[in-house]
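Novice: Sequence isn't available, so here's the structure alone:
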Ligand code: NAP
């Protein structure tokens with residue numbers, strides 16, 4: 001059975017690797033094509049948008065995809081909505097692999113906001129030293145608050161840079177440990193962190209480090225995602241795929 005994984009996450013890569021090892025499925029991993037030097041993947045990759053719901057539905061039909069796995073990032077809401085609509089339209093079974101969100105624990109000082117605009121407001125008028133652990137596309141609203149100093153960490157360089165007088169840029173790809181992130185926050189005398197609630201271990205270091213240093217975290221709440229069958233482990237997707245391929249065989253698909 002042909003399986004299309006919508007990826008761009010650690011989990012998608014892990015799932016692709018596990019399926020490649022089994023050798024029972026013909027797997028293609030789809031990336032949005034945003035990263036200049038994506039990590040090598042264990043299965044064939046296609047890159048770039050499909051052209052909305054219509055384009056994805058046509059891809060599913062034309063490539064005779066037997067099952068679709070939405071393993072995109074929890075903040076990639078458009079592609080997840082498109083996946084739900086396109087799978088329904090093309091009559092292809094869909095499962096979402098979604099990491100559980102981080103839960104606030106004792107000592108966390110989270111200020112939850114619904115957008116990057118609200119995150120800018122939450123910084124307040126007094127100049128602060130801000131760690132922006134957000135993607136390149138998401139940091140632009142912070143240019144409206146040039147009184148703060150920003151430390152920006154992203155996978156690819158921020159180009160053009162933020163138009164503010166005080167910004168430091170780091171390019172790095174996770175995982176990031178708590179110890180390294182704590183050292184980073186201390187070295188740059190950061191007093192507030194802005195983060196998405198990505199879930200998972202790879203980017204939790206800064207959250208644990210902020211807690212240890214008694215720093216507030218302005219946390220962007222997750223966007224609404226379509227109501228589809230969802231699991232949070234690679235193993236559960238594998239079990240679901242076994243079931244999907246057995247029922248496809250029964251139906252003679
Ligand atoms: P998005 O806003 O939901 O998607 C925007 C458009 O990008 C989609 O409509 C689709 O274009 C294309 N697209 C997104 N993911 C794709 C995929 N896996 N394969 C093919 N096309 C894709 O998504 P985003 O926030 O820009 O994220 C893009 C990718 O980066 C995702 O794959 C996601 O897993 C990964 N990522 C995102 C974040 C984040 O915070 N958003 C963090 C880490 C990794 P068409 O409509 O033309 O098909």
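Specialist: In hand now; what should we look at? The model shown is predicted, which means the values in this text are computed figures rather than measured ones.
Novice: Near the ligand, which residues of the protein are found?
Specialist: Contacts of the chain with the ligand, taken as C-beta under 6 Å from any ligand atom, map to 6-9, 30-32, 34, 49-52, 55-56, 72-73, 75-79, 82, 135, 196. (Glycine included, C-beta is placed from N, CA and C.)
Novice: Put the buried members of those residues into a ChimeraX selection.
Specialist: Entered in ChimeraX, the line below selects the buried ones among those, by 16 or more other C-beta atoms under 10 Å:
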select :6,7,8,9,30,31,32,50,56,72,73,75,76,79,82,196
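Novice: Just the residues of the chain next to the ligand: which are in strands?
Specialist: Among the residues of the chain next to the ligand, DSSP state E puts 6, 30, 31, 196 in strands.
Novice: Which one of the residues you listed is nearest to residue 13?
Specialist: residue 31 (10.1 Å; C-beta to C-beta).
Novice: quick one: that closest one and residue 37, what's the gap?
Specialist: Separation of residue 31 from residue 37 (C-beta to C-beta, to the nearest Å): 12 Å.
Novice: what's the distance between residue 215 and residue 34?
Specialist: On the measure of C-beta to C-beta, residue 215 and residue 34 end up 29 Å apart.
Novice: quick one, what contacts residue 196?
Specialist: Applying C-beta atoms under 8 Å, 6 or more residues apart in numbering, we find residue 196 in contact with 74, 75, 133, 134, 219, 220, 222.
Novice: ok, and the closest non-adjacent residue to the fifth one?
Specialist: Of all residues beyond its chain neighbours, the one nearest residue 219 is residue 110 (4.7 Å), with distances taken as C-beta to C-beta, 6 or more residues apart in numbering.
Novice: Just say helix, strand or coil for the one you found.
Specialist: strand (DSSP: H, G, I helix; E, B strand; the rest coil).
Novice: so what's the closest residue to the ligand within the chain up against?
Specialist: Residue nearest to the ligand within the chain: residue 49 (2.3 Å; C-beta to the nearest ligand atom). Residues near residue 49 by C-beta under 8 Å, 6+ apart: 32, 33, 55.
Novice: By pLDDT, rank those residues and give me the bottom one.
Specialist: Looking at the contacts of residue 49 by pLDDT, the weakest one is residue 33, with 94.
Novice: State the distance from that one to residue 143.
Specialist: When C-beta to C-beta is the yardstick, residue 33 and residue 143 sit 26 Å from each other.
Novice: so where do the strands sit in the chain?
Specialist: 2-6, 26-31, 45-47, 67-70, 94-97, 109-113, 129-133, 149-154, 167-171, 192-196, 216-220, 230-231.
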